[in-house]
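Visitor: Fold the following.
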Amino acid sequence: MKLSILDQSPIFYGETEGDALQSSTELAVLADRLGYTRYWVTEHHDLANVACPSPEVLLSYIGAHTKQIRLGAGAILLPHYQPYKVVEIFHTLATLFPNRIDLGLGRAPGGSAEATTALSPRFLEEVRKMPEKVEELLHFLHHDFPKDHLFHNVQAKPIPNHRPEPWLLGTGKKSALLAAEYNLSYAFGYFMSDQDGKEIFNTYRTHFVGEKPYTILAVSVICSETKERADELAHWTNVMNEARTKGNQTLLSVEEAKHISLPTKSDTKFISGTFETVKQKLLNLEKEFEPDELMITTITPNREERLTSFQLLSKAIQKE
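Guide: So this is what the prediction gives:
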């Protein structure tokens with residue numbers, strides 16, 4: 001099983017934003033040691049309980065504390081930015097950390113309407129231009145604009161020996177088609193999509209213009225040492241998700257969540273349990289979707305149990 005990590009830099013119960021960023025680094029160091037394939041960090045703006053608006057900054061810090069794991073953004077929200085600047089940033093990262101950098105691209109706003117406007121006053125217009133922006137970014141990445149193009153002689157320096165690997169991230173058919181059209185590897189956010197993932201993967205693979213399509217399935221998981229604790233953590237997760245749908249962003253402890261009943265059905269895509277239970281569910285997903293890689297995102301009420309979850313899951317990486 002090929003496993004990677006998507007880190008949303010959660011702020012744990014009783015901790016600060018600074019603690020959350022340090023916890024991301026702590027987890028990346030552990031993942032590097034345990035043999036996870038890649039470590040991506042997300043981009044969010046002025047959202048409660050997550051700490052990272054600038055994955056490129058956090059990646060530079062994490063890169064200095066790790067040795068071999070691939071590092072990337074999951075994702076840079078391209079409608080907010082000019083492609084040239086994005087490539088300059090990721091060329092710099094790829095120069096500092098050779099052959100380790102992934103450039104994941106997404107089109108989501110990443111925050112409230114007000115935060116989105118503060119970042120990009122014409123956001124919806126920029127979203128409509130997403131295909132053109134992806135194409136321009138790839139030209140800067142490979143320095144292959146046509147000779148008659150305005151940017152033909154413009155280079156996104158520094159030029160690394162190993163260029164960043166571009167990815168497209170998404171939750172629907174539009175992103176799958178865009179990834180296929182531009183010969184990009186594709187990461188599907190299964191844990192946050194209500195669409196048919198098998199159909200989306202099939203769309204991507206069918207329309208892919210290159211030689212070998214490559215896919216990641218991103219899944220929300222908590223793995224615990226006992227079934228009882230896994231059930232408690234799963235209940236906490238479902239309580240927090242229910243609260244968010246009602247606009248309540250207050251973090252609760254596991255003990256506080258125990259006293260709250262859930263009026264609606266729990267998220268069936270969320271995976272929790274002991275190692276053997278979680279491993280079997282992940283194997284079932286592999287069989288169903290046939291991804292090249294599984295990417296795990298884990299949010300727990302405290303950092304210790306998140307570390308434990310990934311330590312337990314790392315046994316699935318080891319060859320039988």
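Visitor: And residue 97, how far from residue 110?
Guide: Using C-beta to C-beta, to the nearest Å, residue 97 is found at 24 Å from residue 110. Where C-beta positions appear, they are placed from N, C-alpha and C, glycine not excepted.
Visitor: swap that for residue 198, sorry
Guide: Between residue 198 and residue 110 the distance, using C-beta to C-beta, works out to 27 Å.
Visitor: what do you get for residue 160?
Guide: Residue 160 sits 26 Å away from residue 110, going by C-beta to C-beta.
Visitor: remind me which residues of this protein are low pLDDT?
Guide: When residues are selected by pLDDT under 70, those of the chain lie in 264-267, 319-320.
Visitor: SS state for the residue most central in space within it?
Guide: Central residue of the chain (C-alpha atoms, centre = their mean): residue 74, 3.6 Å from the mean position. Applying DSSP: H, G, I helix; E, B strand; the rest coil to residue 74 yields a three-state assignment of strand.
Visitor: From residue 17, how far off is it?
Guide: As it turns out, when the distance is counted by C-beta to C-beta, residue 74 lies 19 Å from residue 17.
Visitor: Residue 296 too?
Guide: Taken as C-beta to C-beta, the span from residue 296 to residue 17 is 23 Å.
Visitor: Which one's more surrounded, those two?
Guide: residue 296 (26 against 13; other C-beta atoms under 10 Å).
Visitor: Which strand or helix spans the more buried one?
Guide: Counting by DSSP states H and E, the secondary-structure element that holds residue 296 is strand 293-297.
Visitor: Which elements pack onto the next helix or strand after that strand?
Guide: The first helix or strand that comes after strand 293-297 along the chain, using DSSP H and E, is helix 303-313. If you count contacts as 3 or more C-beta pairs under 8 Å, 6 or more residues apart in numbering; DSSP states H and E, helix 303-313 packs onto helix 17-34, strand 215-223, helix 275-289.
Visitor: rerun that using 6 Å as the cut-off
Guide: The criterion is 3 or more C-beta pairs under 6 Å, 6 or more residues apart in numbering; DSSP states H and E, and the helices and strands that helix 303-313 contacts are strand 215-223.
Visitor: So for the strand it packs on, what gets flagged as buried?
Guide: Neighbour counts over strand 215-223 (16 or more other C-beta atoms under 10 Å) mark 215, 216, 217, 218, 219, 220, 221, 222, 223 as buried.
Visitor: got CSV for these, with distance to residue 103 too?
Guide: Conversion of these to CSV gives the following (distance: C-beta to C-beta, whole Å):
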residue, distance to residue 103
215, 17
216, 14
217, 20
218, 17
219, 22
220, 23
221, 25
222, 29
223, 29
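Visitor: which SS class is the residue nearest to residue 160 when sequence neighbours are not counted?
Guide: Taking C-beta to C-beta, 6 or more residues apart in numbering, and ignoring the residues beside it in sequence, residue 160 has residue 94 as its nearest neighbour in space, at 3.8 Å. Counting by three-state DSSP, the backbone at residue 94 sits in helix.
Visitor: what does residue 244 give?
Guide: Classification of residue 244 using three-state DSSP returns helix.
Visitor: mind checking how far it is from residue 50?
Guide: Counting by C-beta to C-beta, the gap from residue 244 to residue 50 is 11 Å.
Visitor: neighbour-wise, which of the two wins?
Guide: Here residue 244 and residue 50 are set side by side on neighbour count (other C-beta under 10 Å), and the busier one is residue 50, at 21 against 13.
Visitor: Mind listing the residues bridging to the more buried one?
Guide: When bridges are assigned using DSSP bridges, the partners listed for residue 50 are residue 10.
Visitor: Figure out the helix or strand that the nearest residue to residue 46 once chain neighbours are set aside lives in.
Guide: Excluding the flanking residues, the one nearest residue 46 by C-beta to C-beta, 6+ apart is residue 115, at 4.3 Å. Under DSSP H and E, the secondary-structure element containing residue 115 is helix 113-119.
Visitor: Near residue 97, how many other residues are there?
Guide: Neighbour count of residue 97, defined by other C-beta under 10 Å: 23.
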